[in-house]
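In: Build the 3D model from these lines:
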Amino acid sequence: MSKSNPSSSWIAQFKPGDRVEVSFDDPGFRGSWFAGTVIRREAKNPNRYIVEYDQLYEDEFGEKLLQETLDWIQLRPPPPPEKKKKVQFKFGDKVEAFHSDGWWEGAITAEHSGGKFAVFLRGSKEQIVFEEKDLRLPVQWVKGKWEPRFEQVQREKEVS
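Out: Residues are numbered from 1 along each chain as shown. The predicted structure follows:
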């Protein structure tokens, strides 16, 4: 199976109504994921989908939700809920933080009292303090299944 030819490799299949997260490669947005719903597949190119965002709008008044046509490679289903045990975040952990209507990849740079953490967001190059409820462990959508990031697997091995 050739990795360079998308038609011969694994391609995500989404249906109208499927919940998805959308990634961007634009400067300032790398490493961010925004929630939306698949409206339909593009008729001329079945590897492209029309998605309506949950919290991004076409206008500054927030009256009409933004719809975009996107390549399948930019989409993934929402990650599964985290395991029942409470995640103990600590300095240096890679996380995704909910900020500006999306999830942004970052790393914890400081632990504060009251369950708050300073996180450096790599895409926007900002450091912001978040409550624990606005953080999640990053996972990767690989060939149709969720996989923890390497650092997460290593940390779980250290703990056990």
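In: which residues of this protein fall in strands?
Out: 19-23, 32-41, 48-57, 65-71, 75-76, 94-99, 102-112, 116-121, 126-131, 135-136, 139-142, 145-148 (DSSP state E).
In: Chain neighbours aside, what residue packs nearest to residue 124?
Out: Excluding its sequence neighbours, the residue lying closest to residue 124 (Cβ to Cβ, 6 or more residues apart in numbering) is residue 28, at 5.7 Å. For glycine as for every other residue, the C-beta is placed from the backbone atoms N, C-alpha and C.
In: What does the pLDDT read for that neighbour?
Out: Looking at residue 28, its pLDDT is 80.
In: what's the answer for residue 34, then?
Out: For residue 34, the predicted pLDDT is 96.
In: wait, isn't it in contact with residue 26?
Out: No: in this structure residue 34 lies outside contact range of residue 26 using Cβ atoms under 8 Å: 11.9 Å.
In: neighbour-wise, which of those two wins?
Out: It is residue 34, of residue 34 and residue 26, that has more neighbours when counted by other Cβ atoms under 10 Å, with 21 against 8.
In: Look up how far residue 125 lies from the residue nearest to residue 124.
Out: Going from residue 28 to residue 125 by Cβ to Cβ, to the nearest Å gives 8 Å.
In: can you check residue 39 too?
Out: Distance check for residue 39 against residue 125: by Cβ to Cβ, it reads 33 Å.
In: Ok, residue 107 next?
Out: 12 Å.
In: Could you do residue 135 as well?
Out: Taking Cβ to Cβ, one finds residue 135 at 18 Å from residue 125.
In: swap in residue 83?
Out: Relative to residue 125, residue 83 is positioned 31 Å away (Cβ to Cβ).
In: Please identify the buried residues of stretch 137-153?
Out: Neighbour counts using 16 or more other Cβ atoms under 10 Å place 137-139, 141, 152 of stretch 137-153 among the buried residues.
In: Let me see the mean pLDDT of that stretch.
Out: Confidence for stretch 137-153, expressed as mean pLDDT, is 77.
In: same deal with stretch 39-50?
Out: Here the mean pLDDT over stretch 39-50 is 94, rounded to a whole number.
In: buried stuff in it?
Out: Of the residues in stretch 39-50, those with enough neighbours to count as buried (16+ other Cβ under 10 Å) are 41, 48-50.
In: and which of those is nearest residue 93?
Out: Of all the buried residues of stretch 39-50, residue 49 has the smallest distance to residue 93: 32.2 Å, by Cβ to Cβ.
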